[in-house]
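Visitor: test case, fold it:
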Amino acid sequence: MAGEAVTAPTTLAVLLGGSSWPKSPQLAASAAFASSARGFRQYLTDGRGFGLPDANVLDLFDSPKTAPEIVEEIQNYLRQRMSLDPTPRDLFLYYTGHGGFIGGRDYFLAVRSTIEGLEGTSSIRVSDLASALRNGARDLRRFLILDCCFAAAAFKEFQSTPGAAARLQTLDAFPRRGTTLLCSSSSRSVSIAPEGEPYTMFSGALLDVLRHGDTSIQTPLSLEDVGLRVGDLIRRKYDDRGVRPEVHSPDQRDEDIARIPVFPNAGLASHIELAGFVPAAVGPRRDAGEKTAGFSQRRPAWLAGAAVAAIIVVALVAVSLLRRPPSKSDQPVPAFVQPPPAGPAETIHQIQPSPQPVRPAPIKAQHAQTEAPSVVPAHAAAKVAAPSTLDVNGTSVRFVSVPAGQFRMGCTAGDADCEDDERPIRSMSVDAFQMAATEVTQDLWQAVMSTNPSDFKGPGRPVERISWNDAKDFLERLNARRDGFSYRLPTEAEWEYAARANSAPPVPTLVAWFGLAQASDRPSRPQSVGAKAANAWGLFDMLGNVAEWCEDWYSPNYQRVVRGGSWMDAAKSVRVSARGKATPTTSDSSIGLRIVREAKT
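Guide: The predicted structure follows:
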């Protein structure tokens, strides 16, 4: 089943979403949603696409039904179709519209009947959608395409528990079935419907790729192929305003269905260029075992291979580092809902009036509350030792010696912005260690990795667009130098201890670059490291600029901790106790790293 081609009689499709939300005036209506849904339906039924009969397409876009009725209809439709001959083999589900969070936690997809203030009961919870697909389409290959804000947040709802995953693997189900998602945005990014464009930013590029194909690939396209080329088109048209898509494949093993060629490749038969986008620069097809850089799949090195590296480097170099600010008429505006601050109420953010997309505060998880914390001073005799330096190919980074000590980890006393996951407060002991005085710069990353994945290149700027896995590859190369030190990411406790520096919480405007995506006299991008004041221990940019990966898991087998907030975040995310999270494969222009080291004994 894994490598079998898609055929019209054995393929089903479901269309979801909406173009307006009469009961939720805070959700921006847009004709681009309807155009995008119509365009994808046409691709599904057109002979140059999948050529599906109408009976194989369940079109619930702009349906007036309630969310529970929609989910029930999907489940019943799938069960009914699975009883017919020929037995379906593939399912494509497409959604375009608004995505958001309920109480800062559960991810939902808005439908026409979504009610403002009651999103939790009037919208499609992705967890419910995942259950419906498991119940009605368990034996199908499931390809989900989500065009909405924070789309990659849907990934976790399709991840099996460890026990269920083990059972599936025992039954040898992974190579033949499973779910893969092409997401218009990361779990921390908004998606955009550019003003004056007929389609959303993502769906416009998606339809161009599906209709136009890729002449350099001599087979049908896989979901990974499509995702990579969608990203190329968005980058070419929108430059650094573009939102990069991601591919995620929960519960996949050796034969990830995201890499199976299933989409007809129109490039093999036609060279007609559609208006709106220009064909992406493409390279030779990747080998079956290679992964796509910038998506959830990856090889041990940062890039999947020399060919893919060449594609990425060419695409990045082709983009000018210093852009003119887009005029009011050509700036993309966020058309999707922003996530709410975590809290007990089921709420949803209003659309921001700023024409630039605003990066949300990280999603929070609930923890019990307890007493307010206070910093416990380290041993009175402890002194901060003189910094030492790491030199790599002419590029250096200073290390500050952080003394051993104790502190109260979690919500700072009197901080009204604390979230549930900053509690309970607990007393922590930390051994002495050395921490880099600044975030890892692009110069240092280039010296070690011979690449620079950053979206916002510039001397002295922090490296970004690197995943947790990329950070581990970087550290592996540093450790291979055998210079007498062991290099690693800080633990979350080490990070917060160093950020507090046995001092009162710092004033964010003095030490941090933040809120630049909202309103600032500075460009909306990371700034050179060390330009703001250091904390009491001589550490720069612990807050803001780019969020920093930590070693710890935030939740078992799903997300890693990121701390410090970023240049895109609001003030509430730029606090010493604020916590963030992202999957280890997430690469984002708001996330970088800072390293620690210990002398080998």
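
Visitor: restricting to C-alpha, output stretch 466-473 in PDB.
Guide: Coordinates of each C-alpha in stretch 466-473 appear next as PDB, following Å, rounded to 0.1, in the frame of the first residue of the first chain:
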ATOM      1  CA  ILE A 466      17.300  26.200  13.600                       C
ATOM      2  CA  SER A 467      15.500  23.300  15.200                       C
ATOM      3  CA  TRP A 468      16.400  21.600  18.500                       C
ATOM      4  CA  ASN A 469      17.800  18.800  16.400                       C
ATOM      5  CA  ASP A 470      19.900  21.200  14.400                       C
ATOM      6  CA  ALA A 471      21.200  22.600  17.700                       C
ATOM      7  CA  LYS A 472      22.200  19.100  18.800                       C
ATOM      8  CA  ASP A 473      24.100  18.600  15.500                       C
END
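
Visitor: ok, the residue nearest to residue 592 when sequence neighbours are not counted to residue 537 distance?
Guide: Leaving aside its sequence neighbours, residue 592 sits nearest to residue 546 (C-beta to C-beta, 6 or more residues apart in numbering; 3.6 Å). Placement of C-beta: from N, CA and C, glycine included. To residue 537, residue 546 is 19 Å away according to C-beta to C-beta, to the nearest Å.

Visitor: and those two? which has more neighbours close in?
Guide: Higher neighbour count among residue 546 and residue 537: residue 546, with 33 against 20, using other C-beta atoms under 10 Å.

Visitor: need the contact list for that one.
Guide: By C-beta atoms under 8 Å, 6 or more residues apart in numbering, the residues touching residue 546 are 439, 462, 464, 526, 564, 566, 567, 590, 591, 592.

Visitor: next up, phi/psi of the second one, please.
Guide: The phi and psi torsions at residue 462 (degrees, to the nearest 10) take the values phi -70, psi 150.

Visitor: for residue 231, phi and psi?
Guide: Dihedral angles (degrees, to the nearest 10) for residue 231: phi -60, psi -40.

Visitor: and the strands in the stretch 101-250 of the chain, which stretches?
Guide: For the stretch 101-250 of the chain, applying DSSP state E, counting those that start in this stretch gives strands covering 106-109, 124-125, 141-147, 178-183, 246-248.

Visitor: which one of those strands lies closest to residue 504?
Guide: strand 106-109 (35.7 Å; C-beta to C-beta).

Visitor: contacts for that closest one?
Guide: With C-beta under 8 Å, 6+ apart as the criterion, strand 106-109 contacts 16-17, 95, 97-102, 119-120, 123-127, 129, 146, 148, 150, 153-154, 157.

Visitor: sort out which of those are buried, if you could.
Guide: Among these, those classed as buried by 16 or more other C-beta atoms under 10 Å are 16-17, 95, 97-102, 119-120, 123-126, 129, 146, 148, 150, 153-154, 157.

Visitor: in this structure residue 32 contacts residue 202, no?
Guide: No: counting by C-beta atoms under 8 Å, residue 32 sits too far from residue 202 to count as a contact (10.3 Å).

Visitor: of those two, who's got more company?
Guide: Set side by side, residue 32 and residue 202 show more neighbours around residue 202, with 30 against 24, by other C-beta under 10 Å.

Visitor: dihedrals phi and psi, the residue nearest to residue 592?
Guide: According to degrees, to the nearest 10, residue 546 has phi -130, psi 140.

Visitor: please, which helix or strand holds residue 400?
Guide: Assigned by DSSP states H and E, residue 400 falls within strand 395-402.

Visitor: partner strands of that strand and their direction?
Guide: strand 388-392 (antiparallel), strand 433-436 (antiparallel) (DSSP bridges).

Visitor: most tightly surrounded among those?
Guide: strand 433-436 (a mean of 23; mean count of other C-beta atoms under 10 Å).

Visitor: and that one, average pLDDT?
Guide: The average pLDDT within strand 433-436 is 96.

Visitor: chain center to it, what's the gap?
Guide: Distance of strand 433-436 from its chain centroid, counting by C-alpha atoms, centre = their mean, to the nearest Å, is 28 Å.

Visitor: so how many other residues sit close to the nearest residue to residue 497 once chain neighbours are set aside?
Guide: In space, and not counting its chain neighbours, residue 497 is closest to residue 430: 4.7 Å by C-beta to C-beta, 6+ apart. Neighbour count for residue 430, taken as other C-beta under 10 Å: 20.

Visitor: give the phi and psi angles for residue 430, as a check.
Guide: phi -130, psi 130.

Visitor: neighbours of residue 84, just the number please.
Guide: Neighbours around residue 84, by other C-beta under 10 Å: 10.

Visitor: which residues of the chain fall in helices?
Guide: Counting by DSSP state H, the segments of the chain that form helices are 31-45, 67-82, 119-122, 126-136, 162-170, 201-212, 223-238, 306-318, 442-449, 468-479, 492-500, 508-511.

Visitor: pop the domain breakdown of the chain in here.
Guide: 11-280, 388-599 (automatic domain parsing).

Visitor: mind showing which ranges of the stretch 51-200 of the chain have poor pLDDT?
Guide: Where the stretch 51-200 of the chain drops to pLDDT under 70, the residues are 104, 159-177.

Visitor: cutoff 50 now
Guide: 161-176 (pLDDT under 50).

Visitor: same question for the stretch 451-600 of the chain.
Guide: 519-520.

Visitor: from residue 554, how far off is residue 592?
Guide: Residue 592 is 17 Å from residue 554, by C-beta to C-beta.

Visitor: more neighbours, these two?
Guide: Each of residue 592 and residue 554 has its neighbours counted (other C-beta under 10 Å); residue 592 has more, 30 against 21.
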